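Colleague: Curious how this folds, go ahead:
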Amino acid sequence: MNHQALSSFIWSVADLLRGDYKQSEYGRVILPFTVLRRLDCVLEATKTAVLAEFDTKTKAGLNPEPFLLRKAGLSFYNTSPLDLVTLLGDQDHIRQNLYAYVQGFSPAARDIFERFDFYTQVERLAKANLLYLVTEKFANIDLHPEVVDNNSMGLVFEELIRKFAEISNETAGEHFTPREVIRLMVNLLFIEDDDVLTPGSAVVRTIYDPTAGTGGMLSIAGEYLLEHNPQARLTMFGQELNDESYAICKADMLIKGQPVENIIAGNTLSDDGHAGRKFDYMLSNPPFGVEWKKVEKVVRQEHESKGFDGRFGPGLPRVTDGSMLFLMHLLSKMAPVVNGEGGSRFGIVLNGSPLFTGGAGSGESEIRRYVLENDLVEAIVGLPTDMFYNTGIATYVWILSNKKPNDRKGQVQLIDASGYWQKMRKSLGSKRKQMSDAHIVTVTRLFGDFIEAELVTVFDAEGTALLEPQLVTGTDNMPVAPEGGRLNRLPISRIFRNEEFGYTTITVERPMKDEAGNTVVGVKGKQKGKPQPDAALRDTENVPLTENIQAYFEREVLPHAADAWIDKEKNKVGYEIPFNRHFYVFEQPRSLHVIDDELKTVTANIMKMLEELAE
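Modeller: A predicted model of the protein is given here:
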């Protein structure tokens, strides 16, 4: 079974719950029982050895835990002789035995079921005479690792959560990110680090996700690294607010042998579960367009009292969208570069708002100013729309690093990957498109090679495309249009200097006039003898940082307002990244002659159809 068929099969347990449970409550039973069955199957191979070891060490008066972990070969174990299959042998005591079985898990695994509020559901199922039937259903689902590998199991969990979220009117996308988006981010994260990817290099690195969801980002990063370098070790850290997602993430980490104490429950913004820690790599898909009013007091207090010693030194975004708070949180977790060693790189998914929202001096602009003036932005990749389960809007992957290679220093690469998609056979929520492996490889290569590129189509004189559009890097490979034909050149990758995104907002003043038309001047203090500004005529201009302000003023303003001046005390530096503007290509409109011919053809067709109806 593929993961979608398996998740549908598991979800069919809902048929038993119908009537006793509301639709929106099905997940409260299905999710914890799926986790329980998975842990049950994972432990089966070593269960006999673990029970024998438990008996021996307990009789010897020793703490059995380290011995049991070694026997299980995992970071958890179960000391109960029961499992889901043997529970079915005593129908009359199913409730008590199920409690005893779950209590037999090691503490970290028990916490998973407490997060699910599992015991409440057990009591409810028992009262409805459904506990035995549900347990029997799950006992017959084969979730052994040889049948369902960790990657497939992660996809099953995500599909179950998506179903649960859909019928509960929740936002599925808050809990997990499409796998192909994660693969792209992981590729971009590691592509420049040869020391980590070189086979045989026994490196140890850390990776962190402050919005871990079900752990998909951490899992795929680990799989990628092992695939390229089996000797590398990636220690995973995360934090997650949603209890169900946290429980699934923790279960996944248990099975993978990761230290589960590294996965923290709680709100990352108000209660940093990894305070003081730094990480080598980080990934995040924070909720965007979601207000942060609940944590506003704590965040503002940290911003005002700690400044740059805290996490939110550069500034605070507007309360209606907290995604840039997570960007700053990740910045604070970057490991320092010491003597050319160390440093961090992270990828974060954001919507379009952080690129341009807020004028000079606003919180958003100050955050952009901080990352650009400190040369932390490596690249921004525009993704296709309709890629996420909960929104169809445009999204962007930002790659930031404090260890830029020399050729990237002082520059930012923008990659427009919005055209790299294929239609899904079946939509999932708002998700209608997906990136293929070939698309991911292309974008990764553009980033890794740090090159500008265009998608070029050759047209003949009649306007017919001669070939499929081809990706062209550099002018040497540029195709030549036939006589009378043309090239359609669509930029895909562009490179800019950091300062090209900056500007100075200048305040342009005009003098106040009295009734006689004379300029009003000040009579006291510093303003004595100086023209007084007329607030009604006040205006602002954004002058690119790459231009001289005075030269701009003399060229753009004075020819239209000879009496104007700049109030230099009000100058503000701002930054914005007008992503779409840099990839806009003007298309020559069709000639009136062509349009007129088309209208005549359409009119003739309509008249013909009307004549046929009249006959």
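Colleague: In this structure, which helix is the longest?
Modeller: helix 592-614 (DSSP state H).
Colleague: Which parts of the stretch 301-450 of the chain are strands?
Modeller: Along the stretch 301-450 of the chain, counting by DSSP state E, counting those that start in this stretch, strands occupy 337-338, 341-342, 345-351, 377-382, 395-401, 411-416, 422-428, 431-434.
Colleague: is it possible to export those to CSV including distance to residue 112, mean neighbour count and mean pLDDT?
Modeller: In this view, the C-beta of every residue, glycine as well, is placed from N, C-alpha and C. Output for these, formatted as CSV (distance: least, C-beta to C-beta, whole Å; neighbours: other C-beta atoms under 10 Å; pLDDT from 0 to 100):
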stretch, distance to residue 112, mean neighbour count, mean pLDDT
strand 337-338, 38, 11, 94
strand 341-342, 34, 12, 90
strand 345-351, 27, 24, 96
strand 377-382, 35, 23, 98
strand 395-401, 31, 23, 97
strand 411-416, 39, 23, 98
strand 422-428, 26, 11, 83
strand 431-434, 28, 19, 86
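Colleague: Would you mind saying which of these lies nearest residue 186?
Modeller: strand 345-351 (7.9 Å; C-beta to C-beta).
Colleague: okay, the angle between that closest one and strand 377-382?
Modeller: Here strand 345-351 runs at an angle of 40 degrees relative to strand 377-382 (axes from the mean of the first three to the mean of the last three C-alpha atoms, to 10 degrees).
Colleague: Next up, the contacts around residue 352.
Modeller: Counting by C-beta atoms under 8 Å, 6 or more residues apart in numbering, residue 352 touches 393-396, 579.
Colleague: phi, psi of it?
Modeller: Dihedral pair for residue 352: phi -70, psi -20, per degrees, to the nearest 10.
Colleague: Let's verify the residue nearest to residue 435 when sequence neighbours are not counted: helix, strand, or coil?
Modeller: In space, and not counting its chain neighbours, residue 435 is closest to residue 180: 4.6 Å by C-beta to C-beta, 6 or more residues apart in numbering. Classification of residue 180 by DSSP: H, G, I helix; E, B strand; the rest coil places it in helix.
Colleague: so where's the longest strand in the protein?
Modeller: strand 486-497 (DSSP state E).
Colleague: so how far is it from its chain's centroid?
Modeller: 26 Å (C-alpha atoms, centre = their mean, to the nearest Å).
Colleague: again with stretch 139-147
Modeller: That offset, for stretch 139-147, works out to 31 Å (C-alpha atoms, centre = their mean).
Colleague: Look at it and report the distance between its end residues.
Modeller: Taking C-alpha to C-alpha, to the nearest Å, the first and last residues of stretch 139-147 lie 15 Å apart.
Colleague: buried ones in that stretch?
Modeller: Buried residues in stretch 139-147, counted by 16 or more other C-beta atoms under 10 Å: 139, 141, 143.
Colleague: still on that earlier bit, list the buried residues of the longest strand of the chain.
Modeller: So, applying 16+ other C-beta under 10 Å, buried residues of strand 486-497: 491-495.
Colleague: which other helices and strands contact the host helix or strand of residue 37?
Modeller: Here residue 37, judged by DSSP states H and E, is contained in helix 26-43. Packing contacts for helix 26-43, counted by 3 or more C-beta pairs under 8 Å, 6 or more residues apart in numbering; DSSP states H and E, involve helix 3-11, helix 14-17, helix 84-87, helix 107-115, helix 118-127, helix 131-139, helix 150-167, helix 243-256.
Colleague: ok, residue 435 - contacts?
Modeller: 180-181, 184, 383-384, 387, 417, 420-422, 443.
Colleague: now it: how far from residue 407?
Modeller: Distance of residue 435 to residue 407, computed by C-beta to C-beta, to the nearest Å: 26 Å.
Colleague: on that earlier part again, list just the nearest of the contacts of residue 435 to residue 245.
Modeller: Of all these, residue 181 has the smallest distance to residue 245: 17.1 Å, by C-beta to C-beta.
Colleague: No further questions, thank you.
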